Every structure is written in C-alpha cells, then in structure tokens.
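Trainee: quick one, fold the following:
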Amino acid sequence: MSYSLEIGVRYLRSKKRATVSMITLISIIGVALGVAALLAVLSITTGFEQAFKDKVLGVNAHVLILKYGREFRDYRDVLATVGEMPEVDGIAPFSINEMMLTKGDRRAVVLVKGVTPSGVRNVLDLPQQMVVGDLEGLRRPGSLPTVAPKPTTDDAWQWLRDIRDGKPEKRVSPLVGGVQDGGVVEEAKPVGRTTFWEEEKRRRDAQREAARRARKPDVGPVAKPSEIEAMLGRLDDEGFALPDDPEWEAGLMQGAAQEPIDALPGIIVGKTLAEDLGLEIDDRVTLISPLAALGLALTEPRGSSTRSREFRVIGVFQAGFQEYDSGLVYTDLFEAQRLFDEGDNVTGVELRVHDLDTSYELARRIEQKLGGAFHSLDWSELNRNLFTALEVQKIALTLVIATIIFVAAFNVIATLIMIVLEKKREIAILKAMGATDATVLGIFMLQGVVVGVIGTLAGVLVGGGIVTYLDRIRFPLDPKVYLIDHLPVVLNPSVFLVTIGIALLICTVSTIAPSWWAARMLPVDGLRYE
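Mentor: Here you go, the predicted structure:
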C-alpha cells in the first residue's frame, strides 16, 4: 500500500489538468467553510443551552418537593427527613405567589418568592447575583411564623402508603370506632366524607358571618381623662418625638401615616424591574394583589380581606435572565406568609444536590420515601419545554449547516470522477501489472480523504478564530428577545471533535462510490480506445 499512497498524492497534485486542480481547491474551500460554519453553530447553540441552564439553576433549585392540595404545613417534617440524605447539599422551604409591585404611579406584575435567609445562601445563587445592596435586613429581628406549627401526631396519608406496601388491613378508613380491646372489636360507626359543595357552603357561611361582624363596630372600654393624664405624665420628651422620615411625615400630613422606613420588611428586586420602576436602595414600595388593585377584594373564611403591604428595597440582583430580572422579587418567608394570609403554609421545599446528574434519581427516591401525598420535580422536568426546544434547535441547525459540507462532498465526488476518467489508461496498466482492487480503491479514496483533512483543518482554524473572537467581545443581544444580554459561546473540545468527526465522515463516505468504480475497472476497458 506504500506505492498507492505515493500515486494518490501525485494524482492530487497533477498539473496536466488545471480543471481538476481547480475543482480540488474548490472542494477544500467548501469543506473549510462548512466546518467553520458548523463549528460556530455548535459552539453558539451549546452556549445558549449552557447559559440557560446556569441561569435557571441560579434562581431555581435542583429539586422541588411539592404537595398535592392547597396546604403544605408539615414542611418541617419534610426538611428533617430529606435533609438527612447524603446527596442533599442544602434544603429550605419557599412560597411563591403572583402580586403587583407599585411605586407611585408605576406598577408591575411580579412573582413574590418568600425565602429564608439560610435558604438563599445554601440553595440559591442569590448572594452571587447581588449587584446593589446585600441580604442584611431580609428578615427583621424577632420575626416569627404567622401561626405556631402544630405537632403532627397522625398521618392522614398513611393508608396510601399501606396500599403501596401491600398492607390493606392497616389503612385508615372513614370510620369512627373499630378499637380492638381484649380481642373484641367495637362496632365501627361510618362517618360521611365532606363533599366539595358542603365545604363551599361552609366557606360562604363563614364569609357572611365575618361580613356581618365587620359591620358591627367593636368598641372597647373608653379611658377616663384622669387615666389619660396619668399615662401622658409618665412619658418624657423623647416619647413624643416623631420618626425622622420625610415620607412618614408627608403621609401624616395627608392623613395616612406610614410606617417608618427602617421598620419595613426588606425586599430584593431584579435589575430590569428596578430600572423600569426607578427603584433604589431604601425606596418604599407596595405589594398588593392584582385583584385588589382592580378593586376586587378577596375575602377569606376568617373574614380577613386582601391587604397590601409596604416593603423597603434592600438589594438588587441580576440573574442574567430577562424573565427573572424583570418579574421576580424576594422577601422573607414569614413576611410572604403574612402577605398571602396563608398562616404557616408554604408552596414547597427546594433543595440543592452535590452532583447535578443525580437530581432525577434523587427526586424519584424522595417521592417513594415521603409517600403519595408528595411529588417532586428535578430541574430538567421543571424546564422540560425550554431545554427540549433548545435541543431540537441545535439538531436542526446542525443538519442545515452540514449541508454545506455535503455540497463540498459532491465536489470531491466530481473531482474523483474526472481523475478516474483521465487516468483510465494508468489504472488499466496497474491492474495488468497485478495491482489489486483494494490498491486502486485506496489510491482514489486517499485523494478524497486528503481533501477532507485539509479542508477540515482549515475550517477548524477559521471557525475557532470566529468563536474565540465572539467569546471575547461578548456580542450584545436584546434581552427582551433572547432573554440573555450577550451571545453565549462555548469553547469546548467536545464541540471541536464532533465537528471534525462529521466533516471527515462525510468526505470519506463521498469517496467510496467513484473509488469503487475505478477499482472494478477491467484492464481491457482502460486500453480499448488506446
């Protein structure tokens, strides 16, 4: 095979036919352009996928634990159970709800996420995303949950776990009695389950009762003048001093005294949201339900209506993801529970794992361990639509750009066919002297492979230079359209290897047909017209 290599290279550099050499050059240029374009596309699409993954995981946890139904009050038991797993790096509860953030006549609809000070440090990347301010003041000193947690002595979902474990005799049924004592089982008395309509009727009755009580003024005991004078006499001059707060004084003059700014709970807003509303550190903002902002107050069974609440801006974060920077705010979990008027209730529990690749398997094990009342989602399931779309886009663009290499491959085929037609006499002589079909096949396949290798190396140099330049200049993008503010580029060796492999495979396969035709040629066919 040594002489086949020499003959193949000599044919490739042949000067007798300028047309063949020109087509060979065009083939090399075509392969180089295709490889450069493919390398740039793969680097950019992989960069988008990696950038979205980093942004999403910077705001969301690796695994979310949710509970079926509207109430999740036993989250402390979940924290204790799941927190003991060795794969868990950090765990914290959270609550999230849609509200309206206002400052003066400016307003925006936002997602209010209630978090704990330890949770934002152990589970989220919020400390690294802060651009102005800090996390100090997120939780006010002495802040406690709205309702003290009640110890859970009975597991209402144990019957579902027993069915799963094959223990139907131990499941909890809607019966009263059935207590076994001395071998005698008392007769169980059936108790009907409460239907949805019965619960709805009770809720409406409670609302009407609360509205009736609200119309009746609750007048407490009236102090006597002597008692008021005695109370004022115990106060010194400092007791009558008003807070040094211009906004508080302005509200007092207008008949609507505001809470001093230092006493307000803290809130952290996104950078884009801060720019849209003109927010700065220590600004006073108001969170209110969108329905209440439209004049549609909501009334709970306990009689409390939807209320707005003022907060103090203590920090601005930038996640680099437009959806989060413009529509997400953080506040303390206890303040969010008071704002949502849900008591000691949370939306779910979020956790961070040591190894991101184990998040899906861990989510399934958590579901089995906690039982049927809970379900868990890992980061890929939570953002399945986004990452599926990115993957499909990456594959489609790769196939489209690879057509450039296919076009160059047809040039390689044309070049080999012309060389075979030109060298028919030489092929016949080689076959007559004893050259095998494999030797002739190798001579012409070598020419196609050499074109592919030279074109691929040139394309890698050009494409590598392009992606390196784009990575350094951080080409700007409109975040309102692309969700991120610059073009992400990934300089990954695997991307280069995939590009080189695709190009060489296409060029090598394209040489098989004309080389096989030359190898199957008979000596008499090559010398018939000589």
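Trainee: OK, contacts around the residue nearest in space to the middle of the chain?
Mentor: Centroid-nearest residue in the chain, with C-alpha atoms, centre = their mean: residue 56, separated by 2.9 Å. Applying C-beta atoms under 8 Å, 6 or more residues apart in numbering, one finds that residue 56 lies in contact with 321, 379, 383, 386. Yep, even glycine has a C-beta here, placed from its N, CA and C like the rest.
Trainee: how distant is the host helix or strand of residue 65 from the center of its chain?
Mentor: Taking DSSP states H and E as the criterion, residue 65 maps to strand 63-67. How far strand 63-67 lies from its chain's middle: 15 Å, per C-alpha atoms, centre = their mean, to the nearest Å.
Trainee: what mean pLDDT does that strand have?
Mentor: Regarding strand 63-67, the rounded mean pLDDT is 92.
Trainee: what about the helix or strand that it is followed by, average pLDDT?
Mentor: Under the assignment DSSP H and E, the closest C-terminal helix or strand after strand 63-67 is helix 75-82. Mean pLDDT, helix 75-82: 90.
Trainee: what is the distance between helix 75-82 and the centre of its chain?
Mentor: Taking mean C-alpha positions (C-alpha atoms, centre = their mean), helix 75-82 and its chain are 24 Å apart.
Trainee: cool, stretch 481-498 as well?
Mentor: Distance, centroid of stretch 481-498 to centroid of chain: 17 Å (C-alpha atoms, centre = their mean).
Trainee: and what of stretch 372-389?
Mentor: 10 Å.
Trainee: repeat that for stretch 316-323.
Mentor: That offset, for stretch 316-323, works out to 13 Å (C-alpha atoms, centre = their mean).
Trainee: before we move on, the earlier item: list the buried residues in the strand holding residue 65.
Mentor: 63-65, 67 (16 or more other C-beta atoms under 10 Å).
Trainee: okay, now the sheet partners of that strand, with direction.
Mentor: strand 348-353 (antiparallel), strand 374-378 (antiparallel) (DSSP bridges).
Trainee: export the ones you listed to a markdown table and append columns for distance to residue 363, mean neighbour count and mean pLDDT.
Mentor: Below are the strands paired with strand 63-67 laid out as a markdown table (distance: least, C-beta to C-beta, whole Å; neighbours: other C-beta atoms under 10 Å; pLDDT from 0 to 100):
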| stretch | distance to residue 363 | mean neighbour count | mean pLDDT |
| --- | --- | --- | --- |
| strand 348-353 | 9 | 24 | 92 |
| strand 374-378 | 4 | 20 | 90 |
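Trainee: okay if I get the ones you listed as a markdown table plus distance to residue 199?
Mentor: Shown next, in a markdown table, are these (distance: least, C-beta to C-beta, whole Å):
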| stretch | distance to residue 199 |
| --- | --- |
| strand 348-353 | 24 |
| strand 374-378 | 23 |
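Trainee: can you tell which of the ones you listed is closest to residue 472?
Mentor: Checking the strands paired with strand 63-67 against residue 472 by C-beta to C-beta gives strand 348-353 as the closest, at 31.9 Å.
Trainee: off-centre distance for the closest one?
Mentor: With C-alpha atoms, centre = their mean as the basis, strand 348-353 stands 14 Å off its chain's centre.
Trainee: same thing with stretch 308-318?
Mentor: That offset, for stretch 308-318, works out to 23 Å (C-alpha atoms, centre = their mean).
Trainee: now swap in stretch 63-81 and tell me
Mentor: Distance, stretch centre to chain centre, for stretch 63-81: 21 Å (C-alpha atoms, centre = their mean).
Trainee: pull out the buried residues from it.
Mentor: Those would be 63-65, 67, 72-75, 78-79, for stretch 63-81 by 16+ other C-beta under 10 Å.
Trainee: which two of these have the greatest separation?
Mentor: Across the buried residues of stretch 63-81, the longest distance by C-beta to C-beta is 20.5 Å; it joins 63 and 73.
Trainee: what about the longest strand in this protein?
Mentor: strand 88-103 (DSSP state E).
Trainee: can you give me the angle it makes with strand 63-67?
Mentor: With axes from the mean of the first three to the mean of the last three C-alpha atoms, to 10 degrees applied, the angle from strand 88-103 to strand 63-67 works out at 70 degrees.
Trainee: orientation of strand 88-103 relative to helix 75-82 in degrees?
Mentor: 150 degrees.
Trainee: give the buried residues for strand 88-103.
Mentor: So, applying 16+ other C-beta under 10 Å, buried residues of strand 88-103: 88, 90-95, 97, 99-102.
Trainee: need the residues you listed in a markdown table with pLDDT and distance to residue 350, can you?
Mentor: Below are the buried residues of strand 88-103 laid out as a markdown table (pLDDT from 0 to 100; distance: C-beta to C-beta, whole Å):
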| residue | pLDDT | distance to residue 350 |
| --- | --- | --- |
| 88 | 91 | 11 |
| 90 | 91 | 9 |
| 91 | 93 | 7 |
| 92 | 93 | 6 |
| 93 | 93 | 8 |
| 94 | 93 | 6 |
| 95 | 92 | 11 |
| 97 | 89 | 15 |
| 99 | 90 | 20 |
| 100 | 90 | 24 |
| 101 | 92 | 22 |
| 102 | 91 | 28 |
